[in-house]
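[1] Please find the sequence and the predicted model below.
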Amino acid sequence: MPGNAPRPVNVRWTAQRLSLFYTVFVLLAAAFLVRLVNLGVVHGEHYARLSENNFLLTRPIDTPRGVIFDRYGEELAYNRSTFVVSMSPGNLTTATVETALGRLGQLLGHDLSGQYQPIVHLRPRWKSHVLRQRLTLDQATAVLEQSYNLPGVAIETRSQRYYPWGSMLCHVLGHVGKISPQMWPRCQRDGYEKDDYVGITGIEAQFERSLKGLKGLEQVWKTSRGRILSSQILQPPMPGDRLFLTIDLGLQRLAESLLLGQKGVILAADPRNGEVLAWTSSPGYDLNRPAEIANPADKPQINRAIQEYYRPGSTFKILTALAALEAGWTPDRRVTCEHRFFLPKWKRPFTCLGWHGSVDLVDGFRYSCNIYFYTMADFLYDLDPRDSGFRLVRLARRYGLEDFTGLAFQEPGPPTPGFEEEAGRLPTLRDLRKERGSLLHLAIGQGRVDVTPLQILMAYAALANGGELLAPCLVHELRTDQEQIVFAAEKGVRRKIALNPDHRRVIVEGLLASVYDPGGTAHGAGFLPHWRVAGKTSTAERGGDLESDAWFVGFAPAEHPELAVLVMIEHGGHGGKVAAPLAARLFAHYFDSTRTRATVVSRDGHPL
Ligand SMILES: [Zn+2]
C-alpha cells in the first residue's frame, strides 16, 4: 500500500518456510514417480485401451429441483424423470454427424437437420447438445436399440418439473422454462448451462436460488462414438430446498372450483399474520404447458388479485365510516334515506338502491345505504371545505390503498415476473376540489378509485386484527432435504394504524348485521350464525352497459378473526347473491376442516 513503510524481512522465518517447501517438493516428486510406475507397469494395458480415441471429460450431474408443498406438506410442484436424446460431436466427422442425425430423425419421426449446425460447432467437442426432450419410453428404447448405428447419440434421463394440479395456483407458483437469450448472460455467470431450466415466473422464479440446488460433478471416460467406459463422481449433487407455502390445498381447491368458468378472484388469508391460505385468479393456464394459452382475450396470464384494477364499490364504505368516525361522526347519528341525495348546484341527485328511511351507522352497513355514506362524505367536506374531504383519501392510504401490498417475501430490487403489482389510484386533492361530487362518488367506492382485490383484503384484515396493516405472505418456510429450516416467514407489519377499538366495534356490528340480519345485503347467503362472519357486499358498477362486479369481503369470527376472505366475480352482478354464497362455502370449509386439522402435529413435532 502506498505510504506504508516496507515490513522488515524475518530471515529465520523465511528459511524455515523454504526448507518446508523443499520437503513437500521431494515428497510430491516421490509420489508422482510411484504413480507413474504404477500406471505404466501395473495398469499400462488398461490405460492404453482407454486412451485410444477415447477422451476424459468432466461433466455436471443434474440435481432434483426443490419440491413445493402447501402448508400441510401436500405436493404442489415436483419432478418427474423424462428421457432426452442428445448428441456430442466428439471425434466424429461432419459427414458422420449428418448421417447419424438423419437416421435419428427418421427413428423419432421428426426432422432434426436444423440441429446439424449447433452440433458441429459445439465447443469443447466432448460437450453434448440436447436434440429432443420428453421422449416416450418407446422412442427411448428405439434409439437405444439402434445405438450401434447412431454414433455420438446418447439417451439420458433428466428431471422435469411437474405440476400435479395443472392450472391450480398458476399465478402464485409460476413455472420453469428454458433460459432466454436475455437471461443467458446472468445465468451463465451463475453456473447454468444452456439446456437448463430456470424459474421464469412466480415462486419458481422468486426462490430459484434455493430451489435449484447445486449440481454435482463427475468424470467420464467416453469413446469417440459416445459410449461411456467408466465414470467417477467428483462431487455429489445437492438437491434443492423444500419450500412450504402458506397455502391450504383444501381451501385452495375449493376456491378454484368455485371460480370455474368465471372471471374473478378469490383470496383467503389469516388476518393475524398475513399468511395467504388461498389465492385464485381466474381464468388461469396449465403450468405444464405455459405456452398454450387457450383464450388470450380473457387475459389468463394476468394475476387479477394484484395486476388488474377494479372499482371497490361498497367494500370501500368501511374506510368512509372510519374517516367520518375519526372526524367526530357519532355512530348513532341518524340519516333519512329517501332514495335521493341532493348536492347544492349539482345537476343530478345521488341515489341509493333502496328507500331505507331513518338509518344509523349499523343500518347503513346492514342495507349498504348509499345516502348514509354520502352524508358522511358531506360531513367530512363541511369540516374543512379547503381540504374538500381529502382526509378520506389520506385514511384510505393508511389502509394500504394506492400502495403496493409488499408481498412479504419480496427482496429488494425489481419485482419477480408474475408478482409485479399495480399500486392503484385514489382521487387527488385537485380532483376533489374541482368537483364536490367526486368525494361522494369516492364515499361509495366509485369514481376515480382503482384498487386491486389484494389491497381490499388487506384493508379488511387490518380492521379485523385491530389496526395492523400486514404484508401478505405466501411462503411459510424453506427446509433443506435434511429437514433443516433455512428460512421461516415472519409476520410483516407494514404499518400500525391507530384504530379506535370503539370505531372497530361499531363497524363490525354493522358488518355482522349485513350478514345475519333480515334485510342485510348478504342475508340468506348461507353463513351459519356461530361462525360470526363480519362482511360487506358490493355491486360495483363498471360503467357503460357492462354488468356490475360482484364482491364479498369479510372475516370471522368477528371478535377474534382468524380467516379473512374476498370473493370478486367480474360482471357477476349482485354481490350478496353471487359473491357472498361462495364466501360462505369457504368459511364452511375452513370451520369444518381446517381448524380441526390445525391441531394435527407435523412430522417434526411442531403444531402446524
Ligand atoms: Zn338508502
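    Happy to help now that I have it. Residues are numbered from 1 along each chain as shown.
[2] could you point out which element follows the strand or helix carrying I155?
    Using DSSP states H and E, the element containing I155 is strand 153-162. Per DSSP H and E, the first helix or strand lying C-terminal to strand 153-162 is helix 170-173.
[3] Outside of that next one itself, list whatever touches it.
    Outside helix 170-173, the residues that touch it by CB atoms under 8 Å, 6 or more residues apart in numbering are 68, 76-77, 163, 202-204, 245, 247, 279, 281, 284-287, 303, 305, 418, 474. Where C-beta positions appear, they are placed from N, C-alpha and C, glycine not excepted.
[4] Just the buried residues of those.
    Buried members of these, counted by 16 or more other CB atoms under 10 Å: 68, 76-77, 163, 202-204, 245, 247, 279, 281, 284-287, 303, 305, 418, 474.
[5] give the contact list for I228.
    Contacts of I228 (CB under 8 Å, 6+ apart): V220, W221, K222.
[6] Torsion angles phi and psi at the closest residue to the last one other than its chain neighbours?
    Using CB to CB, 6 or more residues apart in numbering and skipping the chain neighbours, the partner closest in space to K222 is I228 (5.6 Å). When read as degrees, to the nearest 10, the backbone of I228 gives phi -90, psi 120.
[7] now swap in L319 and tell me
    Dihedral pair for L319: phi -70, psi -40, per degrees, to the nearest 10.
[8] Relative to L392, how far out is it?
    7 Å (CB to CB, to the nearest Å).
[9] Kindly state the pLDDT recorded for the most centrally placed residue in the chain?
    Among the residues of the chain, the one closest to the centroid is V172, at 3.1 Å (CA atoms, centre = their mean). At V172, the pLDDT value in this model is 97.
[10] do C187 as well
    88.
[11] Quick check, F373 in contact with A321.
    Yes: contact criterion CB atoms under 8 Å: F373 and A321 qualify, at 7.4 Å.
[12] shared neighbours, those two?
    With CB under 8 Å, 6+ apart, F373 and A321 have common neighbours G364.
[13] okay, those two: which has more neighbours?
    F373 (29 against 24; other CB atoms under 10 Å).
[14] my guess is F419 meets G202, correct?
    Yes: between F419 and G202 there is a contact under CB under 8 Å: 6.8 Å.
[15] Would you enumerate the residues in contact with V220?
    With contact set as CB under 8 Å, 6+ apart, V220 has these partners: L56, L57, T58, R59, I228, S230, S231.
[16] tell me which of these is nearest to L137?
    L137 lies nearest to I228 out of the contacts of V220, by CB to CB, at 21.0 Å.
[17] quick one: pLDDT of the closest one?
    Predicted confidence (pLDDT) for I228: 79.
[18] Check the gap between it and the ion for me.
    80 Å (CB to the ion, to the nearest Å).
[19] which residues pair with the spatially closest residue to R494 that is not a sequence neighbour across the strands?
    Nearest residue to R494, sequence neighbours excluded (CB to CB, 6+ apart): L469, at 4.6 Å. Note on L469: beta-bridge partners by DSSP bridges are R495.
[20] just checking, L469 touches L401?
    No: at 10.5 Å, L469 and L401 do not qualify as touching, with contact defined as CB under 8 Å.
[21] which neighbours do the two share?
    Common neighbours of L469 and L401 (criterion: CB under 8 Å, 6+ apart): A459.
[22] who does the helix or strand hosting L267 pair up with?
    Element membership of L267, judged by DSSP H and E, is strand 264-269. Applying DSSP bridges, strand 264-269 is found paired with strand 276-282 (antiparallel), strand 563-569 (antiparallel).
[23] Extract the C-alpha set from the first one and format it as PDB.
    Pointing back at strand 276-282 there. What follows is strand 276-282 as a C-alpha-only set of coordinates in PDB (Å, rounded to 0.1, in the frame of the first residue of the first chain):
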ATOM      1  CA  VAL A 276     -52.400 -16.400   2.400                       C
ATOM      2  CA  LEU A 277     -54.400 -19.600   2.500                       C
ATOM      3  CA  ALA A 278     -56.000 -19.400  -0.900                       C
ATOM      4  CA  TRP A 279     -55.200 -17.300  -4.000                       C
ATOM      5  CA  THR A 280     -57.200 -17.800  -7.100                       C
ATOM      6  CA  SER A 281     -57.300 -15.600 -10.200                       C
ATOM      7  CA  SER A 282     -59.500 -17.000 -12.900                       C
END
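[24] Just the pLDDT at the closest residue to V120 other than its chain neighbours, thanks.
    Once flanking residues are discounted, V120 sits nearest to T94: 5.2 Å by CB to CB, 6+ apart. pLDDT for T94: 89.
[25] ok, T94 touching H121?
    No: T94 is not in contact with H121 according to CB under 8 Å; the separation is 10.2 Å.
[26] Show me which parts of the host helix or strand of A255 are buried, residue by residue.
    If you go by DSSP H and E, A255 is part of helix 249-258. Within helix 249-258, the residues scored as buried using 16+ other CB under 10 Å are L249, G250, L251, Q252, R253, L254, A255, E256, L258.
[27] could you measure the residue of the stretch 51-200 of the chain at minimum distance from the ion against G572, distance?
    Here the stretch 51-200 of the chain gets closest to the ion at one residue, H171, 37.5 Å apart by CB to the ion. Distance, H171 to G572, using CB to CB: 20 Å.
[28] residues from the stretch 351-500 of the chain in reach of the ion?
    Contacts of the stretch 351-500 of the chain with the ion, taken as CB under 5 Å from the ion, map to C352, H356, C369, I371.
[29] what's the answer for the chain, then?
    Within reach of the ion by CB under 5 Å from the ion, the chain has these residues: C337, C352, H356, C369, I371.
[30] Just give me how far the longest strand that the chain contains sits from the chain centre.
    Longest strand in the chain by number of residues (criterion: DSSP state E): strand 75-87. How far strand 75-87 lies from its chain's middle: 22 Å, per CA atoms, centre = their mean, to the nearest Å.
[31] got it, and stretch 357-376?
    39 Å.
[32] Kindly check the end-to-end length of it for me.
    End-to-end distance for stretch 357-376, by CA to CA, to the nearest Å: 16 Å.
[33] tell me the mean pLDDT for that stretch?
    97.
[34] Ok, stretch 589-607 next?
    Throughout stretch 589-607, pLDDT has a mean value of 59.
[35] circling back to that earlier point, what's the angle between the helix holding A255 and strand 276-282?
    20 degrees (axes from the mean of the first three to the mean of the last three CA atoms, to 10 degrees).
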